[in-house]
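>>> no sequence for this one, just the structure:
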């Protein structure tokens, strides 16, 4: 099967939209999805700084949504041709973590999502000349007109919904909202500080507002802070003098929870100082430098942990977020700007420059 996809051929070069070849039909437990729209996430762009760990050339993209056009079936198959689905991350479905409803901590998460897929499988995606492309980025490789994915990582949604906008629910929004609703379990009257008002941070703010949580958002960009305020948070510039003290005053003695999306050690330390006793800080961004904790940051029972994919079971959290969105309480669509798939390099530039919070790429069909 031939279709168009955005291929990253080198870590430094642009994406090229070109013809690729899928050399397989869906096996049992797999589905072929015609992509309606796919979000661009910072994790896609971080491949450029992966120091060769994530192979190229590759088709990236892991916030896809679309319509199932072929299905491999298999025992207990619950998704079939014609279903509208949101795609999320890959997992083995068999290890202790998957069986314990923690698929984001799957024993095979890194190999399945970041480093080229299952090594035992022969190459199934190639360029037009037959050269293998690294497949199944986060189980999807959805910067393309079609994606071959595991059915268990697809979540069926109402076909009346605007499918092309729903892809970010599979990762970015899942991560931000899941940290608040799942990891922290934050509720009315509790307090949260969010460091970084990008897509993950702003969806965390939205979820916190929906849950009745008093939230402070910290960022260095006035427009991002204005967005955070619009979604219910108290804005606070990152360069504020005595940042930790100001957070403590705004949260009535210290925040119970903090979510860092910046990977900035100075901000992480200030957030720890801003926590009340027994408070928890969650990290969602990959650290690129050692995290040196300042003396006293963990006193009083404060704790720090990493959060992957919002501790979510996608089939549970994605419908919940859609319900909140339909009720007007999770306006993630206000973060989106759409681009044609052919405009992927413009979308990346706009994302890097902060001109857009969440780019969503819309494939233009060549087979119709």
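Nice, thanks for sending it over. Treat the numbers as computed from the prediction; the structure is a model and nothing was measured.
>>> Where do the helices of this protein begin and end?
42-45, 96-99, 109-113, 172-178, 199-210, 222-230, 243-250, 265-274, 314-326, 344-353 (DSSP state H).
>>> helices and strands around the fourth one, which ones?
The helices and strands touching helix 172-178, judged by 3 or more C-beta pairs under 8 Å, 6 or more residues apart in numbering; DSSP states H and E, are helix 199-210, helix 314-326. All C-beta spots, glycine's among them, are computed from the backbone N, C-alpha and C.
>>> ok, now which ones touch residue 29?
72, 74, 77, 150-152 (C-beta atoms under 8 Å, 6 or more residues apart in numbering).
>>> from those, which would you call buried?
72, 150-152 (16 or more other C-beta atoms under 10 Å).
>>> Tell me which residues touch residue 309, please.
Taking C-beta under 8 Å, 6+ apart, one finds 88-89, 103-104, 171, 174-175, 178 in contact with residue 309.
>>> Can you name every helix or strand that the helix or strand of the chain with the lowest mean pLDDT contacts?
Using mean pLDDT, DSSP states H and E, helix 42-45 stands out as the lowest-scoring helix or strand of the chain, at a mean of 86. Contact partners of helix 42-45 among helices and strands, from 3+ C-beta pairs under 8 Å, 6+ apart: helix 344-353.
>>> so where's this structure uncertain?
The chain contains residues with pLDDT under 70 at 51-52, 75-76, 115-123, 135, 365-368.
>>> neighbours around residue 159, how many?
For residue 159, the neighbour count with other C-beta atoms under 10 Å is 10.
>>> how about it, what does it touch?
residue 84.
>>> Please report phi then psi for it.
Note on residue 159: backbone dihedrals following degrees, to the nearest 10 are phi -70, psi -10.
>>> just to revisit the earlier point, mind putting the helices of the chain in CSV, distance to residue 299 and mean neighbour count included?
Shown next, in CSV, are these (distance: least, C-beta to C-beta, whole Å; neighbours: other C-beta atoms under 10 Å):
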stretch, distance to residue 299, mean neighbour count
helix 42-45, 32, 19
helix 96-99, 31, 14
helix 109-113, 33, 18
helix 172-178, 28, 29
helix 199-210, 26, 29
helix 222-230, 29, 17
helix 243-250, 13, 18
helix 265-274, 10, 22
helix 314-326, 33, 19
helix 344-353, 38, 17
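>>> Using CSV, lay out those together with distance to residue 333.
Formatted as CSV, the helices of the chain follow (distance: least, C-beta to C-beta, whole Å):
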stretch, distance to residue 333
helix 42-45, 19
helix 96-99, 31
helix 109-113, 25
helix 172-178, 10
helix 199-210, 11
helix 222-230, 13
helix 243-250, 28
helix 265-274, 28
helix 314-326, 7
helix 344-353, 17
